[in-house]
Every structure is written in C-alpha cells, then in structure tokens.
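S.K.: Only the shape, not the letters, is given here:
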Ligand code: PMP
C-alpha cells in the first residue's frame, strides 16, 4: 500500500452496504449485552433484529461466552475430514432432539449460504445414488433468499442479488411468490388466501417433466425479501405435490430456525416436515459462524448403502464442526433450554401482533405482517425511489436508539427472544415516531 487511507473506514469493502454513503457517516457498534448494543461513544441501542436475525438468546450470554472461552483454550481446531471431536457428536445428538421426527442427521457448515449449497448438492447426489440421476432440476421461488453463493442466488428469487452475476446455474426454475396484498394486507398471522399458489409447482412439473426435478427449496417464512408469511395450507400443498412426484422438499430455516416462530423450527409450527432443512444464525446465537443441514434418516441411509470403502458424500468445509462453533452451539442450546426460549415467541406472539398492527393507519403503512416474533411493516415507496422511505425510517430509528432492518420498503423486526413487553412497546413506539416524522 502506498499510503494509509485518509479516512480510517476506507479499506473495508463492506457487504450489502452502500459503502460510499456509509463512509460519510459510519454507524458503529462496539459492545453488546442482553437486548442492547452500545456505540463507541457509549450510546445505547435497542436491538430490534437480534443482530441480523441471529442473536436469539440476546447478547453476551454467560454460558455461551464461557463455552467459547474454554473451548479456545482446550482445543482451537480439529480437522473435520476423517477425524472427529466429541462436541461435534454431542451437539448433533442434542440438535436432533429438537427437529421434527425423521430429520435426525446433521451435516455442519459455517453459514446459511453454505447450508443451502450443501442441501442442494445433497439433493442432487441423493437422486444419483439411488439411480435417478436424471433428476437435476432445482426449483426455487420468486423473492426467495437463500444466501449469496451460486446455487443460492440461482434458486433465489431476489432480482438485485442475481442480476450482476451472469447466467447462474442451469436447470433452475421458480414458482411464484406468495405476496398478495390485494387479498391479504394486514393479516394477523397466516394469511387466509393463497394456498393454491403452491399449485404453481404442478405447472413446472408439467413443463419440465417431474422426473427431472430433484428438489424444491423455500423459506417457510420468507425473511430477507420482506417477511412473507405462508398462506394457510400452502406449505401442506407443496409437501403433497413433492410427495406425488418424488421431489425433495427443502425448507430454508436459516431465519425461522431456533424459536423464531414459537416452535424450535417453523416446520413444527406449520406442521409440515421437509426432507432437508438448512439452518445457521440461531444455531450458535450468532456468536461463532455456524450452519447445518438436517437430513431425513432415509436420505442418509441411501448414501450409506453404497460400497463400504467409499466416502459417501464428497463435500465438506475445513471449518465444518469447528470446535469453537460446536462449543458456542452447545452453550446456546443450554441457554435456550434454561430459559424456555424456543417457545417464547409463541407466548409473546399475541402481544407483538397487537403492538405491530396498531401501526395500521400511520402515514404510508400499507401492510403489517407477523408470525411468532417476526414482523414486517410495509411502506408505500417514495415515487421513483424504491427503498428510500423505509431507509429513512431506519436512519431515524438509529438516531433514536433502535436497530431495525429494512428490505426494500419493508421494515423487518425480529427481536431477541428474551425481549420484554415493555421493549416491544419501545420498538414499536420508536418506529411510530419515525413514521410520523417521515411523512
Ligand atoms: N437463507 C436464508 C433464508 C437467510 O435468511 C439467509 C441470511 N439472511 C441465508 C440463507 C444466508 O445466510 P448467511 O448470510 O449466513 O450465508
């Protein structure tokens, strides 16, 4: 480097950030505990989004901190290929106690994006191993978000995430999204209308021949695209169509996993069990990067029926089952269990819904959506300037001491599951003030 940057925030090329705007007025976080962050100057910020949908037990929880510290001192790293360490096995046993019946095998990754790639590859390889190698097609959904790697943006359906990157994976198609404000605006919980949108999968089966389709991937609740709650009966119908045609159903539970909707996983909340389930974020309370794919035992068994001397699935990461991540996840599961956090969103759902829906009628609020402790508040876009109105609310909330997230013109809320009723009121009150000022 010739000379240091004049601006001390210049060197870091930030992800999913308007770098030029940000660097004129950086927003920095320096410390976190419980429901709060603090800026370097000591200003307290209420966390309305669990960091980034991940710090479900709140920040700096003692059991998790201690587990990470002890693990770092005891064993920093262990190779995951042809080797194991006890916590990786212990964690897998603990995790499958929480999943829907049948999803009893765990493959470790380091992020949601890696979990998605892993699940897609597992689906393709599964069909090949069982002699249906012609099943190569993958189906996603419009407005779906499945991380940022090539498989994930290919099955994903958010245009901005795709359009810079060329032609992506071949053999991918998309069913329609379920956002239908004309029929469902201001629904409390699951919208009544739209189960028939699942039949779009039948359209793609007819178009492509179902025997060429390997898997369908959806988020049970689409988060990053603006909090889209599945219409009543929709996921059941997807499951039925997949079963009819031998297509694997993948739920991407990176956001919904670990208590967000009031049950350990959204699969339980909606009573639909996928064949593969991707998670990350809440698995380790966001403290150390970690992700996982849960697979049905029958899928695992299919791989295990091959020749004994072969590696069954040629896939994995240097940091799969990283000891620090496993320790963090064990501390996280302890914390969730001690405090009943995996069902706390069910207890608070009614209160949260009432608070959110009270925003109806405020300037520019065109929809409110909720389930468990996830909320979406959709605003009418400024003419010709999509996403700008919601972002101005984000900036106002930041000034007031509240961290929210916006995606397009939707404000997304996902507070840590330890949130109090008073803090729910504070979150919603702060947003209400910002909405009035933005008008
Ligand atoms: N899938 C879903 C449903 C997600 O919400 C996200 C992240 N928000 C991802 C995948 C990607 O996770 P990561 O950023 O950890 O790669």
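M.R.: Cool, got the structure. All figures in this text were calculated on a predicted structure; none of them were measured in a lab. Residues are numbered from 1 along each chain as shown.

S.K.: can we go C-alpha only for contacts and neighbour counts from here?
M.R.: Will do.

S.K.: how about the spatially most central residue of the chain, secondary structure?
M.R.: Ranked by distance to the mean C-alpha position of the chain (Cα atoms, centre = their mean), the top residue is residue 255 at 2.5 Å. Counting by DSSP: H, G, I helix; E, B strand; the rest coil, the backbone at residue 255 sits in coil.

S.K.: With the flanking residues excluded, which residue is spatially nearest to it?
M.R.: Take residue 255 and drop its neighbours on the chain: the residue closest to it by Cα to Cα, 6 or more residues apart in numbering is residue 53, 6.0 Å away.

S.K.: Distance-wise, check the one you found relative to residue 158.
M.R.: Using Cα to Cα, to the nearest Å, one obtains 18 Å as the distance from residue 53 to residue 158.

S.K.: Give me the more crowded residue out of those two.
M.R.: residue 53 (26 against 18; other Cα atoms under 10 Å).

S.K.: Which residues of this protein lie near the ligand?
M.R.: The chain has residues 111-113, 145-147, 219, 223-224, 252-255 near the ligand, with proximity defined as Cα under 6 Å from any ligand atom.

S.K.: Now with 8 Å, please.
M.R.: Residues of the chain lying close to the ligand by Cα under 8 Å from any ligand atom are 52-53, 110-116, 144-148, 152, 219, 222-224, 252-256, 278-281, 289-291.

S.K.: Where strands are concerned, which of those residues count?
M.R.: Among the residues of the chain next to the ligand, the members found in strands (DSSP state E) are 252, 278-279, 291.

S.K.: quick one, helices of the stretch 101-250 of the chain?
M.R.: Here the stretch 101-250 of the chain has its helices, by DSSP state H, counting those that start in this stretch, at 112-129, 150-155, 159-162, 181-184, 200-208, 234-245.

S.K.: show me the contacts for residue 41.
M.R.: Contact criterion Cα atoms under 8 Å, 6 or more residues apart in numbering gives no residues in contact with residue 41.

S.K.: Against residue 400, how distant is it?
M.R.: Distance, residue 41 to residue 400, using Cα to Cα: 15 Å.

S.K.: Then residue 64?
M.R.: Noted for residue 64: a distance of 30 Å to residue 400, by Cα to Cα.

S.K.: Compare those two (neighbour count), which wins?
M.R.: Residue environment comparison for residue 64 versus residue 400 gives the larger neighbour count to residue 64, 25 against 17, counting by other Cα under 10 Å.

S.K.: Which residue, neighbours along the chain excluded, lies closest to the more buried one?
M.R.: Distances taken as Cα to Cα, 6+ apart put residue 331 closest to residue 64, at 4.4 Å, once the chain neighbours are dropped.

S.K.: Which element, helix or strand, includes that neighbour?
M.R.: Take DSSP states H and E as the rule and residue 331 turns out to sit in helix 323-339.

S.K.: tally of neighbours for residue 204?
M.R.: If you count neighbours by other Cα under 10 Å, residue 204 ends up with 16.

S.K.: And the pLDDT for it?
M.R.: What the model reports for residue 204 is a pLDDT of 98.

S.K.: which residues does it contact?
M.R.: Residue 204 makes contact with 173, 175, 210, according to Cα under 8 Å, 6+ apart.

S.K.: distance between the ends of stretch 222-241?
M.R.: Separation of the first and last residues of stretch 222-241 by Cα to Cα is 20 Å.

S.K.: Quick one: mean pLDDT for it?
M.R.: Along stretch 222-241, the predicted local confidence has a mean pLDDT of 98.

S.K.: Checking my notes, residue 411 in a strand, right?
M.R.: Yes. Residue assignment for residue 411, taken from three-state DSSP, places it within a strand.
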